[in-house]
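Asks: Following is a predicted model, sequence given first.
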Amino acid sequence: MATLTCPNCAARVMPEDLICFKCGANLPRLRSSSDDAPAPTTVMQEYLRPEHRAGRISPAVLRLAFPTGNVEVPAGTSLLLGRDPAESLVAAAFAAYENVSRRHATVMMDDDGHASIRDENSTNGTFVNGDRVLPGIAVRLADGDVVRLAADVSADVLLPRQTPDPASLSRPE
């Protein structure tokens, strides 16, 4: 496998990466003739201070499976979906879709692992299971939902079920 580098900072990157994990720059998409290649994955980095990461933040990760690659959003983070590379870490995934707004929608995972999406006043709308999301209003996402940006960019929502901590289920004696 050939070694690739980020055009912005020259860090080593993988062919399936959508962004450089060192500097955050969007990476150019290489077209592959193989349909068997795994979908690329973009992972949001936690922005919380280390002392806030331990303990109360859910280990759940929301995955949106777009045709151009997977986007993963861990608990305690949010991610802007859109074509503006200055604002969206995953802008390269939407570059070919002119009907996706530059700032289309924000996907959020709260500390408890509850996922939601909010339309950012996009031109062509954000939809969950075919229903339009009102601009500025967060709509809860569940495993199996289908998110659509504009007319033709859909993603399957993969959100693992939360399993309760066994210690919290025991009765005091």
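Replies: Now that the structure is in, tell me what you want to look at. Residues are numbered from 1 along each chain as shown.

Asks: Near the closest residue to Ala92 other than its chain neighbours, how many residues? Count them for me, please.
Replies: Of all residues not flanking Ala92 in the chain, Asn26 sits nearest, at 4.2 Å (C-beta to C-beta, 6 or more residues apart in numbering). Where C-beta positions appear, they are placed from N, C-alpha and C, glycine not excepted. Asn26 has 22 neighbours, counted by other C-beta atoms under 10 Å.

Asks: Can you give me the pLDDT of Asn26?
Replies: pLDDT for Asn26: 73.

Asks: Excluding chain neighbours, give the residue nearest to Leu159 in space.
Replies: Asp143 (4.3 Å).

Asks: try Asn121
Replies: Counting by C-beta to C-beta, 6+ apart, Asn121 lies nearest to Pro135, which is 4.5 Å off, once chain neighbours are set aside.

Asks: Return the set of residues that bridge with Ile117.
Replies: Beta-bridge partners recorded for Ile117 (DSSP bridges): Val107, Val139.

Asks: Mind listing what's buried along stretch 109-116?
Replies: Residues of stretch 109-116 classed as buried: 109-110, 113-116 (neighbour count, 16 or more other C-beta atoms under 10 Å).

Asks: pLDDT wise, what is the most centrally placed residue in the chain at?
Replies: What sits nearest the mean C-alpha location of the chain, by C-alpha atoms, centre = their mean, is Val71, with 3.5 Å. Note on Val71: pLDDT of 89.

Asks: so which pair among the buried residues of stretch 109-116 is furthest apart in space?
Replies: Gly113 and Ser116 (11.3 Å; C-beta to C-beta).
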